[in-house]
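A.B. asks: I'd like to go over a predicted model; first the sequence, then the structure.
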Amino acid sequence: MAHSIAELATSLGLDFAGDGALRITCAAEPAAAGPDALAMAMDPKYAEGLAQGQARAAILWPGADWQALGLQAAIFAPRPRWAMAGLSEVLDPGYDFGGGIHPLAHIDPTAEIGAGARIGPFTSIGPRSRIGVGARIAPNVTVGEDVVIGADVILHAGARVGARCVIGDRYIGQPNSVLGGCGFSFVTPEPSGAEDVRATLSGERQLRAQKWHRIQSLGAVRVGDDVELGANSSIDRGTIRDTVIGSGTKIDSVCQIGHNVQMGEDCMMCGMAGVAGSARIGNRVLLAGKVAVNDNIFVGDDVIVGGASRVYTNVPAGRTVLGDPATKLETQLEIRKVLRRLPRLAAQVARLQDAVFPSKDDSKG
């Protein structure tokens, strides 16, 4: 579908210059842009690529000399990534979920399907489940029994929703995401070796045979509105109470959220991050890639946890932490400076030792 530059600028709330009637059909990097593409050159460092491509129009940085760059039209973006978000919504062709309910879908007779919902082939909707108005469910999706799914939800191919889970409006479950798997909770008849170590903080422990027995997950998962769960990510059901994910929270691919976790609103959790069982995460918390949060701790509102950090203890609201163990950003940067100096420091200590405690050979002269 073609869009004029004037239409795009209006939808994005941005200023434009040049031929507003010029129409584009797609977005492209500057060097690869054809004459029907809108070149993404929102920083001066991308200007050189415009000469290599064939773009007639581009999104540029404010104040750019679009005519000198050989363009017929330009849109100006003070906040490039925000402009990219709006542009991607306009240009995204979306997914073809078909129309209505595919004859190869299995819908339990007791399930309720909202008006306008689309359900693909080989998808199963369990007993007494309710699917909201306008929901789009791709092929090979499984929805368990007594599930409640809100309006305009999207479940991509292979997504799974476990029994008794409740999902708000506009939830997106990416391919192979799992909402409501059983929690990873096991116990031994006698105290296990792991319990001994945790209680004593000592490696010394009694070695004995032990058999693991599952603690069943009686709770489910409750998800607010506008939540997204990435591909191959999993949120476990609660043991007694529900696991809860607040509205607006976005979870990347290959993430794990354990049983009983309470996560607030508008959080962001990046790839390969994990939150252990019964942790409490506040609102607007950012967990960068590969972050690990310990069980039974609290992370306050507006906390930012840097990539690959390990959070073992409570984090106060508003703090930025980094490292293993995670400490305040300023402290961690000082620690890293000291670590870089360790080889030099070790050499200095060695020289001092030789000066104060000379070897026998040196003392003989």
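C.D. replies: Cool, the structure landed. This structure is a prediction, so every number in the text was calculated from the model and none was measured.
A.B. asks: what about Ile75, helix or strand, and which?
C.D. replies: Applying DSSP states H and E as the criterion places Ile75 in strand 73-76.
A.B. asks: quick check: which helices or strands does that strand pack against?
C.D. replies: helix 5-12, strand 15-18, strand 57-60 (3 or more CB pairs under 8 Å, 6 or more residues apart in numbering; DSSP states H and E). Backbone N, C-alpha and C define where each C-beta goes, glycine included.
A.B. asks: give me that answer again for 6 Å
C.D. replies: strand 15-18, strand 57-60 (3 or more CB pairs under 6 Å, 6 or more residues apart in numbering; DSSP states H and E).
A.B. asks: go through these and pick out the most buried.
C.D. replies: strand 57-60 (a mean of 28; mean count of other CB atoms under 10 Å).
A.B. asks: just to revisit the earlier point, tell me the mean pLDDT over the strand holding Ile75?
C.D. replies: Strand 73-76 comes out with an average pLDDT of 98.
A.B. asks: so what's the residue nearest to Ala32 when sequence neighbours are not counted up against?
C.D. replies: Spatially, and ignoring its direct neighbours in sequence, Ala32 is nearest to Gly53 (6.0 Å; CB to CB, 6 or more residues apart in numbering). Going by CB atoms under 6 Å, 6 or more residues apart in numbering, Gly53 touches Pro30, Ala31, Ala33.
A.B. asks: now Ala105: how far from Pro139?
C.D. replies: Distance, Ala105 to Pro139, by CB to CB, to the nearest Å: 8 Å.
A.B. asks: assign a three-state SS to Ile39, would you?
C.D. replies: Ile isn't right for residue 39; it's Ala. strand (DSSP: H, G, I helix; E, B strand; the rest coil).
A.B. asks: what pairs with it across the strands?
C.D. replies: Beta bridges link Ala39 to Ala28, Ala58, judged by DSSP bridges.
A.B. asks: how many residues are close by it?
C.D. replies: By the measure other CB atoms under 10 Å, the count of residues near Ala39 is 29.
A.B. asks: can you count the residues close to Ile245?
C.D. replies: 28.
A.B. asks: Ser278 against Asp295, yeah?
C.D. replies: Yes. Look at Ser278 against Asp295 with CB atoms under 6 Å: they come within range, at 5.5 Å.
A.B. asks: out of these two, which sits in the busier spot?
C.D. replies: When neighbours are counted by other CB under 10 Å, Ser278 and Asp295 differ, and Ser278 comes out ahead with 20 against 13.
A.B. asks: quick check: chain neighbours aside, which residue is closest to that one?
C.D. replies: Asn260 (4.3 Å).
A.B. asks: is it true that Ile297 touches Pro316?
C.D. replies: No. Using CB under 6 Å, Ile297 is not in contact with Pro316, being 11.8 Å away.
A.B. asks: who has more neighbours out of the two?
C.D. replies: A direct count of neighbours by other CB under 10 Å for Ile297 and Pro316 places Ile297 higher, at 17 against 13.
A.B. asks: what about the more buried one, distance to Asn260?
C.D. replies: According to CB to CB, Ile297 stands 12 Å off from Asn260.
A.B. asks: what do you get for Ala55?
C.D. replies: From Ala55 to Asn260 the distance is 52 Å (CB to CB).
A.B. asks: okay, those two: which has more neighbours?
C.D. replies: A count of neighbours by other CB under 10 Å puts Ala55 above the other of Ala55 and Asn260, at 31 against 25.
A.B. asks: test my guess that the more buried one contacts Ala33.
C.D. replies: Yes. The criterion here is CB under 6 Å, and Ala55 meets it with Ala33 at 3.7 Å.
A.B. asks: residues shared between the contacts of the two?
C.D. replies: Overlap of the contact sets of Ala55 and Ala33 (by CB under 6 Å, 6+ apart) consists of Ala39.
A.B. asks: on that earlier part again, mind putting the helices and strands packed on strand 73-76 into JSON lines with distance to Gly132 and mean pLDDT?
C.D. replies: Output for those, formatted as JSON lines (distance: least, CB to CB, whole Å; pLDDT from 0 to 100):
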{"stretch": "strand 15-18", "distance to Gly132": "38", "mean pLDDT": "98"}
{"stretch": "strand 57-60", "distance to Gly132": "36", "mean pLDDT": "98"}
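A.B. asks: same list (these) but as a markdown table, adding distance to Asp236.
C.D. replies: Shown next, in a markdown table, are the helices and strands packed on strand 73-76 (distance: least, CB to CB, whole Å):
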| stretch | distance to Asp236 |
| --- | --- |
| strand 15-18 | 48 |
| strand 57-60 | 42 |
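A.B. asks: can you tell me which of those is nearest to Asp302?
C.D. replies: Taking CB to CB, strand 57-60 is the member of these nearest to Asp302, at 30.8 Å.
A.B. asks: what separates the closest one from the chain centre, distance-wise?
C.D. replies: From the chain centre to the centre of strand 57-60 is a distance of 29 Å (CA atoms, centre = their mean, to the nearest Å).
A.B. asks: show me the chain divided up by domain.
C.D. replies: 3-91, 328-363 (automatic domain parsing).
A.B. asks: closest to Arg160 out of those?
C.D. replies: domain 3-91 (27.1 Å).
A.B. asks: contacting residues around stretch 133-142?
C.D. replies: Counting by CB under 6 Å, 6+ apart, 97, 114-124, 149, 151-160 sit against stretch 133-142.
A.B. asks: mind listing what's buried in it?
C.D. replies: Neighbour counts over stretch 133-142 (16 or more other CB atoms under 10 Å) mark Gly134, Ala135, Arg136, Ile137, Ala138, Pro139, Asn140, Val141, Thr142 as buried.
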